[in-house]
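K.L.:
Show me the folded form of this:
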Amino acid sequence: MDNKELVEVVDKAIEYCDKLEKAISNGAELFRSDKIADGSKLLLEILDAIQWVIDVAAGTKDLQTSKVDIEDVNEKLKLAIEAFENSDYNLLGDVLEYEVLEGTSNIKTSLQTVKKNK
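P.N.:
The predicted structure follows:
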């Protein structure tokens with residue numbers, strides 16, 4: 001991938017992170033408001049989006065000055081999935097808002113360093 005393509009992918013991932021952060025906050029609120037069906041649908045979209053952003057971050061790890069800890073993000077996602085499986089929707093809302101959102105923010109920060117360095 002040449003520099004122009006790399007910058008475009010990183011730009012798109014950063015933009016995606018902004019939208020993802022809003023979706024995560026909305027998902028947390030849906031689960032806390034007992035809108036489980038809507039929250040579940042959004043959660044699937046969030047998980048797909050996070051996977052794509054993680055893939056971009058993993059593909060640019062050599063260019064990151066602020067390295068993202070992908071394992072940490074995966075652990076936070078496991079907590080969210082465990083809360084969902086246990087039907088603990090208040091915990092799920094908290095994990096999304098305080099743990100997963102932090103992981104997404106860290107990924108965005110790392111991607112921004114890649115963009116600055118290119």
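K.L.:
Report the contact partners of the nearest residue to residue 52 once chain neighbours are set aside.
P.N.:
Leaving aside its sequence neighbours, residue 52 sits nearest to residue 16 (Cβ to Cβ, 6 or more residues apart in numbering; 7.1 Å). Any C-beta I mention is one placed from the backbone N, CA and C, and that applies to glycine too. Contact analysis of residue 16 by Cβ atoms under 8 Å, 6 or more residues apart in numbering lists 49, 52, 53.
K.L.:
and with 10 Å instead?
P.N.:
23, 49, 50, 52, 53, 56, 104, 107, 108, 111 (Cβ atoms under 10 Å, 6 or more residues apart in numbering).
K.L.:
separation between it and residue 27?
P.N.:
As judged by Cβ to Cβ, to the nearest Å, residue 16 and residue 27 stand 15 Å apart.
K.L.:
again, but for residue 109
P.N.:
21 Å.
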